[in-house]
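> Fold the following and give me the result.
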Amino acid sequence: MTIFKYALKRALMKPATLVSNCVLPLVFIILMRDGFNMDGGRGFSMLAFLLMFGAFMMAGSIQADKLDGVTIRILAGPITFRTYLMQNFFAGLVPTVVLLLIIGGIGMGLHGWTLPFAGAVIICFTLLSATMIGLSFVWAVLFKDKEASLVAFTLIVMLMGMLGGLMIPMSTMPAVLRNIGAIFPPHWAARGLEELVTYGTFTTQYWVSMAALVLFAVVLLLYGSKRRIA
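Numbers count the residues shown, from 1 in each chain. Next comes the predicted model:
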């Protein structure tokens, strides 16, 4: 697990990553008291945005390896590219899961979440983060410049958020925009969260939305593993 430890240590040593992936989400859920009630609130959507950018920051080490030539040296040894990719994936996901467990505890203690509700929120955000880490790996394939990658990712996240229902409630969007938004992972996270704040528990539509996020994550990771980042 040397690659896992190396990627995890390097990601957590970056101040920007700690702020985006730890400090901001925790400060946000503590200070925004009215946005995380079980009977509704837009705080869930804003937290999803923070987690999406945090996942991108956590997965940034794979692009840094590519630019520094580290990937080529690592793959020259007895390590397959898929192993390298998956260990980087878990290095990005594990700290996010720890953060989400803390967020779940804060939600139960501060916002009155029940245990099933907190668990459903954690599952939804974990799958969304996994999907965004997979998308980050695809980004490392498509972009050679770190600054250009960050700008492009910011724009695409904003677009996905608007069409996916995180920035604008899906109930107020025209049907054609909702259909377009369905091709983006945030749409399914937004649908899952909407089911939760509406019914306060697991529903069939919630699980359909989670299955869609799993499918997105698998497709993105498979694409990243087929296209050499080195």
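> number of nearby residues for residue 115?
Residue 115 has 9 neighbours, counted by other Cβ atoms under 10 Å. (C-beta placed from N, C-alpha, C; glycine too.)
> Find the residue closest to residue 219 in space, skipping its chain neighbours.
residue 134 (7.8 Å; Cβ to Cβ, 6 or more residues apart in numbering).
> so where's the longest helix in this protein?
helix 81-110 (DSSP state H).
> Run through the neighbouring helices and strands of that helix.
For helix 81-110, the contact count by 3 or more Cβ pairs under 8 Å, 6 or more residues apart in numbering; DSSP states H and E identifies helix 2-12, helix 24-31, helix 43-58, helix 60-68, helix 70-75, helix 115-142, helix 204-226 as packing neighbours.
> To residue 193, which of those helices lies closest?
Of all these, helix 43-58 sits nearest to residue 193, with 4.7 Å by Cβ to Cβ.
> helices or strands next to the closest one in the packing?
Using 3+ Cβ pairs under 8 Å, 6+ apart, helix 43-58 sits against helix 15-18, helix 24-31, helix 81-110, helix 115-142, helix 146-164, helix 185-199.
> Any chance of the ones you listed in CSV with mean pLDDT and distance to residue 173 as columns?
Output for the helices and strands packed on helix 43-58, formatted as CSV (pLDDT from 0 to 100; distance: least, Cβ to Cβ, whole Å):
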stretch, mean pLDDT, distance to residue 173
helix 15-18, 70, 33
helix 24-31, 86, 24
helix 81-110, 86, 27
helix 115-142, 88, 19
helix 146-164, 78, 8
helix 185-199, 88, 10
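> Just put the ones you listed in CSV and tack on distance to residue 8.
Formatted as CSV, those follow (distance: least, Cβ to Cβ, whole Å):
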stretch, distance to residue 8
helix 15-18, 11
helix 24-31, 18
helix 81-110, 4
helix 115-142, 13
helix 146-164, 20
helix 185-199, 24
